[in-house]
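Asks: What shape does this take:
(chains A and B, ligands or ions: 6)
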Amino acid sequence: MPPVMINQDKGYSFGNEPISVNKTGEWRFLTPKKIKKLSPCSQGCLLDGEIPDWMEAVKKEEWAEAWNIMKRNNPFPALTGYVCFHPCSENCNRGQLDQELDIQAVEKKIGLWRLNNYKHETEPCSFKGRVAVVGSGPAGLSCAFYLTEAGYEVTVYEKSDLIGGMLALGIPEYRLPRKVLEQELQLLKNKGIIFITNSALGSDYSLADLYSKYDQVFVATGAWVARKALIPGEENKGVWNALELLSAYNRSKIPDLKNPVVVVGGGNAAVDSARSALRLPGVNQVSLVYRRGRIEMPADQSEVEAAEKEGVELIFNATPRKIETDQNQLSEIIFDYSKTNLNGLIIDCNKSFKKECKTVIMAVGQNADLSVLGLLDEAKTFIAGGDMISGPATVADAIRAGRIAAETIKSFLEGLPGPLDDPKEEVPILFEELNLAARLNMQPLKKQVDPVSEAGRCLGCGTCNSCGICYLFCPDLAVDNVGGRYEFNLDYCKGCGICVKECPARALVMEGGSE
Amino acid sequence: MKIEEMNRENEMIYSGHSACPGCGAALAVRFLTKTLGPNLAIALTASCWSIIAGVPPLTALKCPILHCPFPSAGSVGSGLRRGLNAKGMLDTTVVVLAGDGGTFDIGLQALSGAAQRNEDYIFVCYDNEAYMNTGMQTSSATPFGARTNTAPYPLFKEGQKKDIVQIMAAHSIPYAATATVAFPEDMENKFKFAKELKGFRFIHILSPCPPGWGTESSDTIELSRLAVSSGAFPLFEVKYGMEWRMTTPLEDKRTPLGDYLGIQRRFKDIDSERLKILQEEVNYEWELLQDKVRRSEILK
Ligand SMILES: Cc1cc2nc3c(=O)[nH]c(=O)nc-3n(C[C@H](O)[C@H](O)[C@H](O)COP(=O)(O)OP(=O)(O)OC[C@H]3O[C@@H](n4cnc5c(N)ncnc54)[C@H](O)[C@@H]3O)c2cc1C
Ligand SMILES: Cc1ncc(C[n+]2csc(CCOP(=O)(O)OP(=O)(O)O)c2C)c(N)n1
Ligand code: SF4
Ligand code: SF4
Ligand code: SF4
Ligand SMILES: [Mg+2]
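Replies: Ligands and ions are numbered 1, 2, ... in the order given. Below is the predicted model:
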């Protein structure tokens, strides 16, 4: 043992060799470990987004990292940033503290960052095969994205002259700027995806034609056949179908609508038609009539509120009976009182009313046109998804369908096991389970305009968000700060479990054994 | 305490020390040295920390430690300060570190003398509420109703915990304060404030002790938090024995004392009558403290 050492600088000192030669980690019989549990936002997200993970990256302004995490589940955050109905925010745990996170605003920011920073994104890939995608809606685009990333050459066939499906033809520009869609499509083209427009399955080529040229085919032609209300007068001049009207509107071919306008229906197409109609020259009186009650509308409630704010008159519990014409022009539409009960819709013809109108927009639903598939050859397996299979749903549902289709096609062609259909059974972390007492000086804070500050409000439910509490409270300094991320140093961890107990996010567990 | 800026390099304590898993005292000294270091010298009396600090040539701290006899901490601190001054090392902070035994009981005489002379150093008592290093014997810091190895079943500690901060405040020293490990920021503020003052400063840190209290090692922070929220260990400071001020915003919503005691085996057999006495004691002390705080505000 060395004798007493005299430290010249300090003047005195009894021994100054670090005690770290003692590897006190040997004492441990339980070991802390970082894990990941389901957060309520991820559970709510239609795309299973790893929301707390990209929130963490945004908080540190690591945008490229945020995009890399994002694209595992959602290749088009700019698009969903504008149009997704964001069920993710509904159960956000932060809502129980002050206000739920504006998850979509952060998502949009990641999307726009990507559009501005990856203008010439071309990723090198090894050629693995050729796939045809039919339909360029979000389902088709998402499938094309993932297959291209995986090394396939993808050709997208589209019936219309425009690419994007409902994104281009259904959703109006005031909700989705076309510049954003164009940039998104340009990135897909830069990736090497080939687009062939004005080319319809069923009339221009058959599934068999595609199979002769491609290794696999994904069909996602959406739901574009307008349902009929089957009432007299429905075929008269002056009666429009919602998608027909929106397509024209979105091509800036301003339709000539006569005031007043009545929209029949309660879905997205109905609400968007009403709002678009109100934006047309000469139109200032638009009513939207839905056969059930307000909360039963399939349209997103925030859209309904926006329509109401803009001046669309909302009428509920009324079913159309007849559209009347007077001197070759629409004159009125007759409605009967209707409401939902356990057996379905009850219509009471004794309680009816008339509504004056010169234009009627029918938006009572759309069906898929399955005839495009032709006679199916049993020997071939083809994959279909999106609105075509589910019926009218959402952009996020379609993106998810495209992603799963890409995984399925990959597994087919590469002989791998297919994607697991994992129903989200895991119970998400509840607000009460979080240990916010450990977050020092946490003050209530409402939504922030700046996305980085907004991401900073994320509690990281079930996912480490590098708060550093484990580091702070470890009596053995057995958690290392590695560039702002925290890692265990098992040489010294005695397994006391303080870090696990204190982790505000519940992202740690103790496991048996010393390793 | 900006967590992001903290890493092993700017801590003053080394991993590998021999504190028990979940030791509150190890954590308390980690925060203490981080705030007061690096230009720091510690006089240390016989206690668990004498062991945690390591046997030369090994050391658990990056600053010099002067081990001293059990009752002498107050006097050794005075000597250390004056010695450093004589050598011109005026900007080295001197800390005396002692357990509750070394402060409340055996060290009280030297402590009182040094405080009365207004010696220029910071006396830190880490209070684990018994003589833990020698096997959990009762001290005058042990709370009423707890079981120790000198008060085994069916006995329990009789008489209430000595109010050490009140005693120190009665010396009219520049600064006295309480702190505990669940509130590192509060502790940091107090050390920072104390460091800038001259004269005798006293800081009393409640440090949960898993083996001594019969608690889960993972519960150390939770216990410290419950001690504060229940009012059993209020966080406050006193300047010149006159200005009393609470430092945590938890005052109005105190949690039940039972939540704090319930997870400690040393209180396992406490009956409802004793719990009531203890709760009343806590309530009484609490009111007394609030009264002092109110009066200080009027005096201002
Ligand atoms: C007016 C309106 C507004 C909406 N607003 C929202 C919203 O704000 N948020 C949201 O999440 N969801 C919204 N939706 C729903 C959403 O747009 C759809 O669920 C989604 O676009 C479906 O994607 P898809 O790829 O399955 O089909 P689509 O987007 O319908 O795309 C199908 C594509 O296939 C093409 N096609 C059709 N037949 C053929 C053929 N034979 N050969 C080749 N190509 C063909 C079509 O031209 C189209 O481009 C809205 C829907 C409508 C109608
Ligand atoms: C004069 C003297 N008496 C007894 C001891 C034995 N002894 C060493 S540490 C200790 C207990 C110290 O208790 P406390 O001050 O509360 O510190 P803790 O061990 O609890 O941290 C005792 C009794 C001693 N070292 N010197
Ligand atoms: S706080 Fe963050 S992780 Fe938790 S639910 Fe909200 S967005 Fe998700
Ligand atoms: S305490 Fe914070 S840094 Fe540590 S694991 Fe939990 S979330 Fe991550
Ligand atoms: S707090 Fe430190 S010693 Fe305790 S289990 Fe966690 S890493 Fe290990
Ligand atoms: Mg003690």
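Asks: can you tell me which residues contact residue A:338?
Replies: Contacts for residue A:338 (C-beta atoms under 8 Å, 6 or more residues apart in numbering or on different chains) come out as A:291-292, A:317-319, A:345-348. All C-beta atoms are positioned from the backbone trio N, CA, C, and that covers glycine.
Asks: List the buried residues of the strand or helix carrying it.
Replies: Element membership for residue A:338, per DSSP states H and E: strand A:329-341. The neighbour-count check on strand A:329-341 (16 or more other C-beta atoms under 10 Å in any protein chain shown) flags A:330, A:332-339 as buried.
Asks: Can you name the next helix or strand after that strand?
Replies: Going down the chain from strand A:329-341, the next helix or strand is strand A:344-356, by DSSP H and E.
Asks: show me where the stretch 101-250 of chain A has strands.
Replies: In the stretch 101-250 of chain A, the strands defined using DSSP state E, counting those that start in this stretch lie at A:129-134, A:152-157, A:194-196, A:216-219, A:225-226, A:239-241.
Asks: Can you tell me which of the ones you listed is nearest to ligand 3?
Replies: Taking C-beta to the nearest ligand atom, strand A:216-219 is the member of these nearest to ligand 3, at 31.6 Å.
Asks: Run me through the strand neighbours of the closest one, direction for each.
Replies: strand A:129-134 (parallel), strand A:383-384 (parallel) (DSSP bridges).
Asks: Can you name the residues that contact residue 141?
Replies: Chain wasn't specified; assuming chain A. Counting by C-beta under 8 Å, 6+ apart, residue A:141 touches A:75-76, A:156, A:164-165, A:185, A:188, A:399, A:402.
Asks: wait, chain B
Replies: B:100-101, B:103-104, B:127, B:129-130, B:161-162, B:164 are the contacts of residue B:141 under C-beta under 8 Å, 6+ apart.
Asks: Sort out for me which of those are in strands.
Replies: Using DSSP state E, the members of the contacts of residue B:141 that fall in strands are residue B:127.
Asks: Pick out whichever of the contacts of residue B:141 sits closest to residue A:149.
Replies: The nearest member of those to residue A:149, counting by C-beta to C-beta, is residue B:127 at 60.1 Å.
Asks: Tell me how many other residues crowd the residue nearest to that closest one when sequence neighbours are not counted.
Replies: Nearest non-adjacent residue to residue B:127, counting by C-beta to C-beta, 6 or more residues apart in numbering or on different chains: residue B:100, 4.3 Å away. Residue B:100 has 28 neighbouring residues, counting by other C-beta atoms under 10 Å in any protein chain shown.
Asks: can you check residue A:206 too?
Replies: Other residues near residue A:206 come to 16 when the count uses other C-beta under 10 Å.
Asks: surely it meets residue A:374?
Replies: Yes: using C-beta atoms under 8 Å, residue A:206 makes contact with residue A:374 at a distance of 5.0 Å.
Asks: what residue ranges in chain B are flagged as low confidence?
Replies: B:1, B:249-252 (pLDDT under 70).
Asks: Longest helix in it, please.
Replies: Determined from DSSP state H, the single longest helix within chain B is helix B:272-299.
Asks: Any idea how far that one is from the middle of the chain?
Replies: The chain centroid and the centroid of helix B:272-299 are separated by 20 Å, computed with C-alpha atoms, centre = their mean, to the nearest Å.
Asks: ok, now stretch A:151-166?
Replies: Counting by C-alpha atoms, centre = their mean, stretch A:151-166 comes out at 20 Å from the chain centroid.
Asks: now stretch A:67-81
Replies: Mean-position distance between stretch A:67-81 and its chain equals 8 Å (C-alpha atoms, centre = their mean).
Asks: Can you give the contact residues for stretch A:192-207?
Replies: Here stretch A:192-207 makes contact (C-beta under 8 Å, 6+ apart) with A:122, A:134, A:136, A:144-145, A:148, A:153-163, A:185, A:189, A:210, A:217, A:219, A:221, A:369, A:371-374, A:376-377, A:380, A:382.
Asks: try stretch A:298-315
Replies: Residues outside stretch A:298-315 that contact it (C-beta under 8 Å, 6+ apart): A:85, A:263, A:266-268, A:270-272, A:274-275, A:278, A:284-290, A:294-295, A:297, A:335, A:355, A:392.
Asks: Could you rerun that using 6 Å?
Replies: With C-beta atoms under 6 Å, 6 or more residues apart in numbering or on different chains as the test, stretch A:298-315 has contacts from A:85, A:267-268, A:271, A:274-275, A:278, A:286-289.
Asks: What residue, apart from its backbone neighbours, is nearest residue A:492 spatially?
Replies: residue B:15 (3.7 Å).
Asks: So which residue is dead centre in the chain?
Replies: Went with chain A since none was named. residue A:396 (3.9 Å; C-alpha atoms, centre = their mean).
Asks: I was after chain B.
Replies: The residue lying closest to the centre of chain B (C-alpha atoms, centre = their mean) is residue B:205, at 2.3 Å.
Asks: wait, what's in contact with residue A:67?
Replies: By C-beta under 6 Å, 6+ apart, residue A:67 lies in contact with A:110, A:114.
Asks: What's the separation between it and residue A:54?
Replies: According to C-beta to C-beta, to the nearest Å, residue A:67 stands 8 Å off from residue A:54.
Asks: Residue B:133 now?
Replies: 49 Å.
Asks: So for those two, which residue has more residues nearby?
Replies: Taking other C-beta under 10 Å, residue B:133 and residue A:54 do not tie; residue A:54 has more neighbours (29 against 18).
Asks: Could you list every helix and strand in contact with the one helix or strand that one maps to?
Replies: Secondary-structure element containing residue A:54, defined by DSSP H and E: helix A:51-59. For helix A:51-59, the packing partners by 3 or more C-beta pairs under 6 Å, 6 or more residues apart in numbering or on different chains; DSSP states H and E come out as helix A:63-70, helix A:451-456.
Asks: Ok, which of these comes nearest residue A:492?
Replies: Closest approach to residue A:492 among the helices and strands packed on helix A:51-59 (C-beta to C-beta): helix A:63-70, 29.4 Å.
Asks: now the helix or strand following the closest one: mean pLDDT?
Replies: Where DSSP H and E defines the elements, the next helix or strand beyond helix A:63-70 is helix A:77-83. Mean per-residue pLDDT for helix A:77-83: 98.
Asks: same for helix A:77-83, what does it pack against?
Replies: Here helix A:77-83 touches helix A:103-117, going by 3+ C-beta pairs under 6 Å, 6+ apart.
Asks: Can you tell me the element residue 41 falls in?
Replies: Going with chain A. Assessed by DSSP H and E, residue A:41 sits inside helix A:40-44.
Asks: Actually, chain B is the one I wanted.
Replies: strand B:40-45.
Asks: List the residues that contact residue B:154.
Replies: Applying C-beta under 6 Å, 6+ apart to residue B:154 gives no contacts.
Asks: Next up, phi/psi of the residue nearest to the centre of chain A, please.
Replies: Dihedral pair for residue A:396: phi -60, psi -40, per degrees, to the nearest 10.
Asks: I'd guessed residue B:84 sits against residue B:92; true?
Replies: Yes: the pair residue B:84 / residue B:92 is scored as a contact, 5.3 Å apart, by C-beta atoms under 6 Å.
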